[in-house]
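[1] Sharing a sequence plus its predicted fold:
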Amino acid sequence: MMKLYRFLLFLLRDARTMMILMVLTGLLAGLSSVGLLAVINKLINTVGETSQALALGFIGLALLKVGSNYLSQLLLVTFAQKTILNLGMDLCWKVVRAPYRTLERHGAHEILATLTDDTNAMAWAVNGLPGLAINVAILAGCSLYLAWLSWKAFLGVVILALLGLLGYRRLYNRVLRSSMAVREAKGALFEHFRSLTEGVKELMLHRGRRETFVASEIRQAAEALRDHNLVTTKQYLTTDSWTQALFYGLIGVILLLFPRVFSLSGESLTGYAFAMLYMIGPMWGLLGMVPTLSRGQVALDKIESLGLAIEQGTKEEGADRPVIQGAQRIDFANALFSYELKGEDERSFALGPLNLTIASGELLFIIGGNGSGKSTFVKLLTGLYLPQAGEVRLNGEIIEPSTQDWYRQHFSAVFSDFYLFKKLLGLDPALVDQHAHDWLQTLRIDHKVTLCDGEYSTVQLSQGQRKRLALVTAMLEDRPFYVFDEWAADQDPQYKDVFYGELLPALRARGKGVIVVTHDDRYFHLGDRVLKLDEGKIVETQAAISRDQVHRVSPVLKPVARPSGRS
């Protein structure tokens, strides 16, 4: 129950003024309900003796009830929609500002489930707040009326209700645990859905794999989700039945025992029975919100477990600090990054310690076999990772969590698993449109794609063409350092010649630091250094080999030339 209380406080964290207005209108609605109950009870017990004051009181209280209820609902709906918007935006900011390793560790399926299922669960909880507030106001008003009729009898009702709530609390905790199991089962099913969409080609080519995956893997995950949902529903129904039994038991005690114990008058007894019956609707409304609020609380817990807590602020330190222009230098001083152990039989991977300097106006090639640490090095270099030991410095300044995002702004990169945005976000459309056409021509893709108002006409291209378009985007960003991770792997020889022979030297001539992860040794003579990684260690650093050496290694080398064809 404390978790549920904390969840409600979280939802109301940014609405103090509106909260005061909602409380006032809600109390007004509740008090008008009390007044109506009192007037109706009086009218029932004075049939044929109705006074003008009672009639006017009934009309006035009815109008007040309707008006305050409408205003309260309007305020609550406005608040709910604002809260849903803020929740979604806060969560998106948390994703893009979370440590990259955290996002990697949980996987895309968990993040997607959070952005869809968890935010949806919290949205449902927020949407239920208007009804929740009105029902609480009505129950509070009815309670005041019962206390006004007989405070002794009301005290007896409270004691009996508290005893019943002890059992309700145990049942509710079971519902909450089951809701957590449902959320975990949904995450597992999301992972299978991701495999289904991303691996559809492989599934189509192998009947056995396809049938086993759908009939076994997906079905088992779906059945597990079904079973957890059934358990949760049964536990909720048990909780609901317990509450109904408690409520009707209270009415029975009031009608059968209270007149003898508390000497209630006929009018008071009628008022108690009438009020208790009137409270049934709001009580069921509250009970109906329990599973919704539980799912919202579970969603919030899951978001926090992913390291994306949205109770915290989302402002970044140093967000307005400008990127350094001119000559720059990056130093690795005993920098070390390691992956955590995933199991007792699996050993961890460590990159480093690295001692390395990369300067502006330098073209550096990074080579190494699979698993040598090239991708980890790129993430450490670009600030996606921070070293777990040692330091990374930019112009002598140690990069820390508070300056990590500022440091990242010095890089443009095309990763091996890059994502291509259709819009050139964060760039001035008027400026990029002027230069984009030249780059599109240089990479022989201007016949496929145009750029207008900072938006590509299409990104539905082959992988090689998409990489060229990603390269255009990087060029237009004009950052101090450029990182290309296996960019040329999907390119024809003619486009490799343009990339290595024209674009990279041009970037170096402009004073950019250029780091290229590659296996194309026939172009090493064009760089300044070649750095080789093996099992996370720098095992070889050498000046770029000469053209004569390249000819001896790769006799098929041809002069670098602009491509004449288009693809």
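    The structure has been received and is ready for your questions.

[2] how many neighbours does K496 have?
    Counted with other Cβ atoms under 10 Å, residues neighbouring K496 total 19. Where C-beta positions appear, they are placed from N, C-alpha and C, glycine not excepted.

[3] If we ignore the residues flanking it in sequence, what's nearest it?
    Nearest residue to K496, sequence neighbours excluded (Cβ to Cβ, 6 or more residues apart in numbering): A488, at 4.7 Å.

[4] That neighbour touches Q494, doesn't it?
    No: contact criterion Cβ atoms under 8 Å: A488 and Q494 do not qualify, at 11.2 Å.

[5] Which one's more surrounded, these two?
    Neighbour totals were compared for A488 and Q494, and A488 leads with 21 against 17 (other Cβ under 10 Å).

[6] Tell me the pLDDT of that one.
    Note on A488: pLDDT of 89.

[7] Ramachandran angles for it?
    A488 has phi and psi values of phi -80, psi 0 when expressed as degrees, to the nearest 10.

[8] And for V414?
    Per-residue torsions, V414: phi -120, psi 100 (degrees, to the nearest 10).

[9] do the same with D528
    According to degrees, to the nearest 10, D528 has phi -100, psi -40.

[10] pretty sure it is touching L363, no?
    Yes: the pair formed by D528 and L363 meets the contact definition of Cβ under 8 Å, at 5.1 Å.

[11] Settle it for me: which of those two has more neighbours?
    Legend: neighbour count by other Cβ under 10 Å for D528 and L363, higher for L363 (21 against 14).

[12] Let me see the confidence value for the closest residue to the more buried one other than its chain neighbours.
    Closest residue to L363 apart from its sequence neighbours, by Cβ to Cβ, 6+ apart: G527 at 4.3 Å. You'll see G527 listed with a pLDDT of 90.

[13] Now do the longest helix anywhere in the chain: distance to the chain's middle.
    Counting by DSSP state H, the longest helix found in the chain is helix 151-198. Centroid separation for helix 151-198 versus its chain: 23 Å, with Cα atoms, centre = their mean, to the nearest Å.

[14] So which other helices or strands are in contact with that helix?
    helix 108-113, helix 129-149, helix 219-256, helix 258-262, helix 280-305 (3 or more Cβ pairs under 8 Å, 6 or more residues apart in numbering; DSSP states H and E).

[15] Nearest to R508 among those helices would be which one?
    Of all those, helix 108-113 sits nearest to R508, with 35.1 Å by Cβ to Cβ.

[16] next helix or strand past the helix or strand Q81 falls within?
    Using DSSP states H and E, Q81 falls within helix 52-97. Remark: after helix 52-97, the chain's next helix or strand is helix 100-106, criterion DSSP H and E.

[17] in that following helix, what's buried?
    Across helix 100-106, burial judged by 16 or more other Cβ atoms under 10 Å covers Y100, R101, L103, H106.

[18] Please tell me how far the second one sits from K302.
    The reference is to R101. Applying Cβ to Cβ, to the nearest Å, the value for R101 to K302 is 19 Å.

[19] With the flanking residues excluded, which residue is spatially nearest to Y172?
    Among residues not flanking Y172 along the chain, T239 sits closest, at 6.2 Å (Cβ to Cβ, 6+ apart).

[20] Distance-wise, check the one you found relative to I59.
    Per Cβ to Cβ, T239 is found 40 Å from I59.

[21] Those two: who's more crowded?
    Neighbour count, other Cβ under 10 Å: between T239 and I59, T239 has more, with 21 against 11.

[22] pLDDT below threshold where in the stretch 251-400 of the chain?
    By pLDDT under 70, the low-scoring segments of the stretch 251-400 of the chain are 306-319, 340-347.

[23] before we move on, back to that, helix or strand next in line after the longest helix of the chain, which one?
    Heading C-terminal from helix 151-198, the first helix or strand you meet, by DSSP H and E, is helix 200-205.

[24] Which residues in that next one does the neighbour count mark as buried?
    Within helix 200-205, the residues that qualify as buried are L203, counting by 16+ other Cβ under 10 Å.

[25] Regarding G326, what is its secondary structure?
    coil (DSSP: H, G, I helix; E, B strand; the rest coil).

[26] Among the buried residues of helix 100-106, which pair sits farthest apart?
    Y100 and H106 (11.3 Å).

[27] Would you map the helices across the stretch 301-450 of the chain?
    Using DSSP state H, counting those that start in this stretch, the helices of the stretch 301-450 of the chain run over residues 374-381, 404-408, 429-442.
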